[in-house]
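Peer 1: Have a look; sequence and predicted model below, questions after that.
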Amino acid sequence: MPPLLGILGRIAPKTAARLVADMIARPRGRNPTQPWELATGVVGREVELRTGLHARSWGETGPLMLALHGWRGRTTQFRPLAATLLERGIQTLALELPGHGVSVGDSATPRMLGELLVEVEHIVGPVHAAIGHSFGGAALGAGLVYGFRPKRIVIVSAPTRVSRIPLLLAKTAGLPRPAMKEFVKILDRDAGRPSAELDLVSTAPAAGIPGLLIHDLEDAVIPYNEAQALANAWPTLKVMTTKGKGHRDILSAPDVVRAIVRFIDPVAVPAL
């Protein structure tokens, strides 16, 4: 790939840049299913929010938690959390993001998901809390730009400066300097603004929404310095640091689930 992109990037930099941008925005395959996703218990029901947009729902009444899985992730990754919330009268709606599962679309970008959050809020009504794991957490930052306003947000194992990831991937793929300049223009044009303005570190601190950040020190997918960057930019952010839970299993950890439930509604859910 790098030799071919190197040649194309020098001959037709705009074409090469667009090619890489499209490739990066397409989820391919799916992450391995974790055993705790298949455990017995409440599995939730599949729903179609509007044509082509699918989700998994746990509960039909009570405050609503909207959940976004990560890149190549699944709605079932929120099963342990949703089951605990359901016991306490809080419903969970986990979106199946574009390019994943049976939801329409073959690509996903922060802007697409940010605008999708606003659309979903119009469909389902007020969102009490929103949780995003990995790329889903990054999407919450974009949602804040476009007017998404849950009462609380929970960010788990997320890239808080997501605009840097495409640049790193493009360089790794061998996109030459002339094409990189065009690539940056494409990212900004697709975002409708400088792409860094959609980053959590840019949007969340000024949103006025209470936030909880959970990240593992040994996360091999999204390094812990991403969490540190957001914590430094957001003085009132609550931070939970774990160790040994990794990038995905963190969602099923009992102490993490307890922390999230308490943060979502500390008055209605006083203890676990």
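Peer 2: Thanks, I have it. Predicted, not measured: the structure shown is a model, and the values here were computed from it.

Peer 1: And E218, what's its pLDDT?
Peer 2: The model reports E218 with a pLDDT of 96.

Peer 1: quick one: it and D249 touch, right?
Peer 2: No. In this structure, E218 is not within contact of D249 by CB atoms under 8 Å, at 10.8 Å. For every residue, glycine as well, the C-beta is placed using N, CA and C.

Peer 1: Against L168, how distant is the closest residue to A158 other than its chain neighbours?
Peer 2: The shortest distance from A158 to any non-neighbouring residue, by CB to CB, 6 or more residues apart in numbering, is to G137 (2.6 Å). To L168, G137 is 18 Å away according to CB to CB, to the nearest Å.

Peer 1: for R30, same thing?
Peer 2: Distance of R30 to L168, given as CB to CB: 22 Å.

Peer 1: What backbone torsions are found at G59?
Peer 2: Note on G59: its backbone torsions stand at phi 90, psi 160 [degrees, to the nearest 10].

Peer 1: what's the neighbour count on it?
Peer 2: Neighbourhood size, G59 [other CB atoms under 10 Å]: 21.

Peer 1: Quick check: it touching R88?
Peer 2: No. Contact status for G59 versus R88: not in contact, 10.0 Å apart, counting by CB under 8 Å.

Peer 1: Quick check: which element contains the residue nearest to A158?
Peer 2: Element membership of G137 [criterion: DSSP states H and E] is helix 135-145.

Peer 1: in this structure, which spans are helices?
Peer 2: Ranges of helices in the chain, per DSSP state H, are 2-11, 13-24, 79-87, 110-124, 135-145, 164-173, 177-191, 200-203, 225-233, 254-264.

Peer 1: Show residues contacting the fourth one.
Peer 2: Helix 110-124 is contacted from outside by 49-50, 53, 64, 66, 68, 93, 95, 97-98, 105, 127, 130, 136, 138-149, 162-163, 190-192, 195, 198, using CB atoms under 8 Å, 6 or more residues apart in numbering.

Peer 1: do that again at 6 Å, thanks
Peer 2: With contact meaning CB atoms under 6 Å, 6 or more residues apart in numbering, helix 110-124 is reached by L49, V127, A139, A142, G143, V145, Y146, G147, F148, V162, A191, L198.

Peer 1: One more: the fifth one?
Peer 2: Identification of contacts with helix 135-145 by CB under 6 Å, 6+ apart yields 68-71, 110-111, 113-114, 117, 130, 132, 153, 155-156, 158-159, 162, 198-200, 203-204, 207.

Peer 1: between it and helix 110-124, how big is the angle?
Peer 2: Angle of helix 135-145 versus helix 110-124, following axes from the mean of the first three to the mean of the last three CA atoms, to 10 degrees, is 70 degrees.

Peer 1: Check which residues of helix 135-145 are buried.
Peer 2: Within helix 135-145, the residues scored as buried using 16 or more other CB atoms under 10 Å are F135, G136, G137, A138, A139, L140, G141, A142, G143, L144, V145.

Peer 1: Buried subset of the contacts of helix 135-145, written for ChimeraX?
Peer 2: Buried residues within the contacts of helix 135-145, by 16+ other CB under 10 Å, are selected in ChimeraX with:
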select :68,69,70,71,110,111,113,114,117,130,132,153,155,156,158,159,162,198,199,200,203,204,207
